[in-house]
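Enquirer: sequence first, predicted model second:
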Amino acid sequence: MSITKDRLYEIIFEADTKSGKIFDISLLIVIILSILLVVLESVPSIERDYHDVLKLSEWLITGIFSLEYMLRIWIVQKPKAYIFSFYGIIDLLSVLPSYLGLVIVGTHGFMVIRALRLLRIFRILKLNRYIKEGAIIVRALRQSRIKISVFLFAVLTMVIIIGTIMYLIEGGENGFTSIPRGIYWAVVTLTTVGYGDISPTTSLGQFFASFVMIIGYAIIAVPTGIVTVELSKQNSKDASTQVCPNCLADNHTEDALYCNLCGKKLNQTQFLRKK
């Protein structure tokens, strides 16, 4: 990469330098403003009175995001890897609805345009890139995905069994007209939501329901514990904001010189400054 690209990469993809922090904070402000505009635009009175201001602000923000998206493609060594990455798709979704709204015109396309406008709310997903703690939570969830998947499978099995038992106990005369209906009740009860639209009336059914409610409180603690353990592991790692310019991998240690995924040399300008 040229000197210009190196400098831009350090500003846009890193957050350890002063310029990188200023860039991240500025993008955070723009993202929050864009979300606020989408929310305000949905209010009929505000949209009617400030239509031109909202429209101008929206296109200004769209222009900023478009410039950021093109710069990221131009800076990285492998543009295709960025374009099809998670954040690359999110960046595209943040600007695409505004441009598609220009192409789809006419009264028949009004509902489609409104749906496209609502897609701009996906800009909130861009926040995660600029919040280090958010990245830690994402990594913790990723590391615990297998354990959580096994837990959800166990809960699904339990819900099916509980729903079937309650269907046999109560029957159709008490509202449990089918096994799916019983499973619905089991989900609502086990998650401690308790809508109350369907409930057992027999003594045996009420006793069984009480048992299910108690189990529900115990189940809530399981995924919380799994994620908490992974979070403690992530917090124990002294991670930096280094992003590999080759494969866009992150979660490197502060003193890492090479990417822990592809082995390419990292941009260590800010690390050398600290030394």
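Expert: Looks like it came in fine. Numbers count the residues shown, from 1 in each chain.

Enquirer: low-confidence stretches in the stretch 1-150 of the chain?
Expert: Scanning the stretch 1-150 of the chain for pLDDT under 70 picks out the ranges 1-3, 15-16, 105-135.

Enquirer: hey, where'd the strands end up in it?
Expert: Under the criterion DSSP state E, counting those that start in this stretch, the stretch 1-150 of the chain carries no strands.

Enquirer: name the element the nearest residue to residue 178 once chain neighbours are set aside belongs to?
Expert: Ranked by CB to CB, 6 or more residues apart in numbering and with sequence neighbours excluded, the top spatial neighbour of residue 178 is residue 167, at 6.9 Å. Yep, even glycine has a C-beta here, placed from its N, CA and C like the rest. Secondary structure from DSSP states H and E places residue 167 in helix 145-170.

Enquirer: which helices and strands does the helix or strand following that helix pack with?
Expert: Sequence order places helix 179-190 as the next helix or strand after helix 145-170, per DSSP H and E. If you count contacts as 3 or more CB pairs under 8 Å, 6 or more residues apart in numbering; DSSP states H and E, helix 179-190 packs onto helix 145-170, helix 203-236.

Enquirer: do you know which of those lies nearest residue 80?
Expert: Residue 80 sits nearest to helix 145-170 of all these, at 26.0 Å, using CB to CB.

Enquirer: who does the closest one touch, helix- and strand-wise?
Expert: Under the contact definition 3+ CB pairs under 8 Å, 6+ apart, helix 145-170 sits against helix 179-190, helix 203-236.

Enquirer: which of these is buried the deepest?
Expert: Of all these, helix 179-190 has the most neighbours on average by mean count of other CB atoms under 10 Å, namely a mean of 19.

Enquirer: using PDB, write out every CA atom in that one.
Expert: C-alpha atoms of helix 179-190 as PDB (Å, rounded to 0.1, in the frame of the first residue of the first chain):
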ATOM      1  CA  ILE A 179     -49.800 -30.800  21.000                       C
ATOM      2  CA  PRO A 180     -48.600 -27.600  19.200                       C
ATOM      3  CA  ARG A 181     -51.000 -25.700  21.400                       C
ATOM      4  CA  GLY A 182     -49.500 -27.400  24.400                       C
ATOM      5  CA  ILE A 183     -46.000 -26.600  23.100                       C
ATOM      6  CA  TYR A 184     -47.000 -23.000  22.800                       C
ATOM      7  CA  TRP A 185     -48.100 -23.000  26.500                       C
ATOM      8  CA  ALA A 186     -44.800 -24.700  27.500                       C
ATOM      9  CA  VAL A 187     -42.700 -22.000  25.700                       C
ATOM     10  CA  VAL A 188     -44.700 -19.200  27.300                       C
ATOM     11  CA  THR A 189     -44.500 -20.800  30.800                       C
ATOM     12  CA  LEU A 190     -40.900 -22.000  30.600                       C
END
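
Enquirer: contacting residues around stretch 174-190?
Expert: 155, 158-160, 162-167, 169-170, 172, 194-195, 198-202, 205, 209, 212-213, 215-216, 219 (CB atoms under 8 Å, 6 or more residues apart in numbering).

Enquirer: average pLDDT across it?
Expert: Stretch 174-190 shows a mean pLDDT of 91.

Enquirer: what about that stretch, distance to the chain center?
Expert: Remark: stretch 174-190 is offset 31 Å from the chain centroid, using CA atoms, centre = their mean, to the nearest Å.

Enquirer: what does stretch 51-66 give?
Expert: With CA atoms, centre = their mean as the basis, stretch 51-66 stands 24 Å off its chain's centre.

Enquirer: buried stuff in it?
Expert: 54, 57-58, 61-62, 64-66 (16 or more other CB atoms under 10 Å).

Enquirer: what is the nearest of the residues you listed to residue 141?
Expert: Nearest to residue 141 among these, counting by CB to CB, is residue 65 at 26.1 Å.

Enquirer: and the gap between the closest one and residue 92?
Expert: Going from residue 65 to residue 92 by CB to CB, to the nearest Å gives 10 Å.

Enquirer: next: residue 196.
Expert: According to CB to CB, residue 196 and residue 92 sit 44 Å apart.

Enquirer: repeat for residue 43
Expert: Counting by CB to CB, the gap from residue 43 to residue 92 is 27 Å.

Enquirer: so for these two, which residue has more residues nearby?
Expert: residue 92 (15 against 11; other CB atoms under 10 Å).

Enquirer: so what's the more buried one up against?
Expert: By CB under 8 Å, 6+ apart, the contact set of residue 92 is 69, 83.
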